[in-house]
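# Sharing a model that was predicted from the sequence below.
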Amino acid sequence: MKYLFAALLLFGCSFSIEAAETPAKKKAPAKAKAETKVEVPSAEAVATAKTLTPSQKTKLMDIINKGDDAALQSLPGIGPAKAQNIVKARPVATPADLVLVDGIGEATLAEIVAHAKAGFPVAEAKTPEAKKKSAAKKKAKKE
């Protein structure tokens, strides 16, 4: 027991001597620590994203990670600026991670998930004739 104690004492002293001989390392600035902070989507965003079926999730993730600007802008609530922010944030791991993209909140995520659940419907492009007919209908309703 005495030998064990003596060995531990010598071992501990050798670390103290080595520590005194090596120069002290500079601490990293506080800003570097803040950059390594991992952002996590909110529980509400995760719950919203979990409502997607695997095929809906796969198709949505293909649009998010591989789609061009037109494909991204086909999603509700996504315009040119938000589409560029999504491109910058690629690769996005899960649909819930969209809330970490600048300009996209939980409400926009909910709209996108609802759009995916509806089967990604394509908005009809109105022709000039269709616009005239809808304007005529509106005018007739007012009268």
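Right, received. Where do you want to start?
# Please make it C-alpha for all contacts and neighbour counts, starting now.
Fine.
# worst-scoring helix or strand of the protein, pLDDT-wise?
Across the helices and strands of the chain, mean confidence by mean pLDDT, DSSP states H and E is lowest for helix 30-35: a mean of 51.
# Show me which positions of the very next helix or strand once past it end up buried.
Scanning forward in sequence from helix 30-35 by DSSP states H and E, the next helix or strand is helix 43-49. For helix 43-49, a neighbour-count test (16 or more other CA atoms under 10 Å) marks A45, V46, T48, A49 as buried.
# which is the next helix or strand following helix 43-49?
helix 54-66.
# picking that back up, of all the buried residues of helix 43-49, which comes closest to Q56?
Nearest to Q56 among these is A49, at 10.3 Å by CA to CA.
# Go ahead and confirm that closest one touches V113.
Yes: A49 lies in contact with V113 (CA atoms under 8 Å); the separation is 6.7 Å.
# any shared contact partners between the two?
Listed as contacting both A49 and V113 by CA atoms under 8 Å, 6 or more residues apart in numbering is no residue at all.
# dump the residue contacts of D97.
V40, P41.
# Wait, G77 touches E111, no?
Yes: at 7.4 Å, G77 and E111 qualify as touching, with contact defined as CA under 8 Å.
# Please say which of the two ends up with more neighbours.
Comparing G77 with E111 by other CA atoms under 10 Å, the one with more neighbours is G77, at 17 against 14.
# Nearest spatial neighbour of that one, chain-adjacent residues omitted?
T108 (5.9 Å; CA to CA, 6 or more residues apart in numbering).
# likewise V87?
N65 (7.5 Å).
# Quick check: the one you found touching P91?
Yes: contact criterion CA under 8 Å: N65 and P91 qualify, at 5.8 Å.
# Comparing the two, which residue is more hemmed in?
N65 (16 against 13).
# and that one, how far is that from Y3?
64 Å (CA to CA, to the nearest Å).
# In CSV, could you pull the C-alpha coordinates for the helix or strand hosting T108?
Using DSSP H and E, the element containing T108 is helix 106-117. C-alpha atoms of helix 106-117 as CSV (Å, rounded to 0.1, in the frame of the first residue of the first chain):
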residue,chain,number,x,y,z
GLU,A,106,-43.3,27.6,-37.9
ALA,A,107,-46.3,29.0,-39.8
THR,A,108,-44.5,28.7,-43.1
LEU,A,109,-43.4,25.2,-42.3
ALA,A,110,-47.0,24.3,-41.5
GLU,A,111,-48.1,25.6,-44.9
ILE,A,112,-45.4,23.7,-46.6
VAL,A,113,-46.3,20.5,-44.8
ALA,A,114,-50.0,21.0,-45.7
HIS,A,115,-49.0,21.5,-49.3
ALA,A,116,-47.0,18.2,-49.2
LYS,A,117,-49.9,16.4,-47.6
